[in-house]
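[1] could you work out the structure for the sequence below:
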Amino acid sequence: MTNSKVARRYTLALYGVAEETKVLDKVQQDFINLKSLIEESSDLRLFLSTPIINSEKKAQVLKAMFDGKYNDLSVKFFGIIAEKNRAALLYDIVLDFLSLLNEKRGILEAEIKTAVEISDKEQKLIKERLNKYAGKEITAKYSVDPSIKGGFIAQIGDKIIDASIQRQLELLREEMMKGSFKLN
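    Numbers count the residues shown, from 1 in each chain. Presented below is the predicted three-dimensional model:
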């Protein structure tokens, strides 16, 4: 069974319990925080992935780290994951859970690259246009990629919207190579 299938099984189980106990928002916040922790800490990533530390010890450490700081359901869930010897999959489970929540709430994630840093006003404008394009609410993550020269590239799921100057130049070059470029 692939990691994504295993992650989805745990994610669906947690989602059901969190929804039933009405703590979905709290668990979501815990998972957002844990995602950041895992991304920022190479020690935590190593701890979760190493087979040298047994599953009981991992469960104890995770409980000690998060007990009182995170929702009880989240802490219990982390313990179960560790006890089932799935701690190495915790990051995949976190990502899958957050993705499932967005899916259930009709929210799409977009990664938007721009050539330079853009203002909050410009970010809002791009987001509004993407909301209209997708017909759903978009949560956007912005990054800078100077190679696109100008404009932006947005990836929403498996769709890519390339509104970059670099792409426009490529299209112009292709038209010129075909010989169909005409000057008025």
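
[2] correct me, but Lys136 touches Ile107?
    Yes. Lys136 is within contact range of Ile107, at 6.8 Å (criterion: CB atoms under 8 Å). (Each C-beta comes from the backbone N, C-alpha and C, glycine too.)

[3] any common contacting residues for those two?
    Residues touching both Lys136 and Ile107 (CB atoms under 8 Å, 6 or more residues apart in numbering): none.

[4] so for the residue most central in space within the chain, what's the nearest residue that isn't a sequence neighbour?
    By CA atoms, centre = their mean, the chain has its centre lying nearest to Leu95, at 5.9 Å. The shortest distance from Leu95 to any non-neighbouring residue, by CB to CB, 6 or more residues apart in numbering, is to Lys35 (7.0 Å).

[5] just Tyr133 next, same as before
    Excluding the flanking residues, the one nearest Tyr133 by CB to CB, 6+ apart is Ile161, at 7.3 Å.

[6] a strand runs through that neighbour, doesn't it?
    Yes. Membership of Ile161 in a strand is supported by DSSP: H, G, I helix; E, B strand; the rest coil.

[7] against Ile126, how distant is it?
    Look at Ile161 and Ile126: by CB to CB, to the nearest Å, they are 10 Å apart.

[8] next one: Arg173
    According to CB to CB, Arg173 and Ile126 sit 26 Å apart.

[9] those two: who's more crowded?
    Ile126 (20 against 11; other CB atoms under 10 Å).

[10] send over the helix or strand the more buried one falls within as CSV, restricted to the C-alpha atoms.
    Assessed by DSSP states H and E, Ile126 sits inside helix 120-134. What follows is helix 120-134, C-alpha atoms only, in CSV (Å, rounded to 0.1, in the frame of the first residue of the first chain):
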residue,chain,number,x,y,z
ASP,A,120,-1.4,42.9,-0.8
LYS,A,121,-3.7,44.7,-3.1
GLU,A,122,-2.3,42.9,-6.2
GLN,A,123,-2.4,39.6,-4.3
LYS,A,124,-6.0,40.2,-3.5
LEU,A,125,-6.8,41.0,-7.2
ILE,A,126,-5.1,37.9,-8.5
LYS,A,127,-6.9,35.8,-5.8
GLU,A,128,-10.3,37.3,-6.8
ARG,A,129,-9.7,36.5,-10.4
LEU,A,130,-8.7,32.9,-9.6
ASN,A,131,-11.8,32.5,-7.4
LYS,A,132,-13.9,33.6,-10.3
TYR,A,133,-12.0,31.3,-12.7
ALA,A,134,-12.2,28.3,-10.4
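
[11] okay, buried residues for that helix please.
    123, 126-127, 130, 134 (16 or more other CB atoms under 10 Å).

[12] from these, which single one is nearest Thr11?
    Nearest to Thr11 out of the buried residues of helix 120-134 is Ala134 (CB to CB; 23.1 Å).
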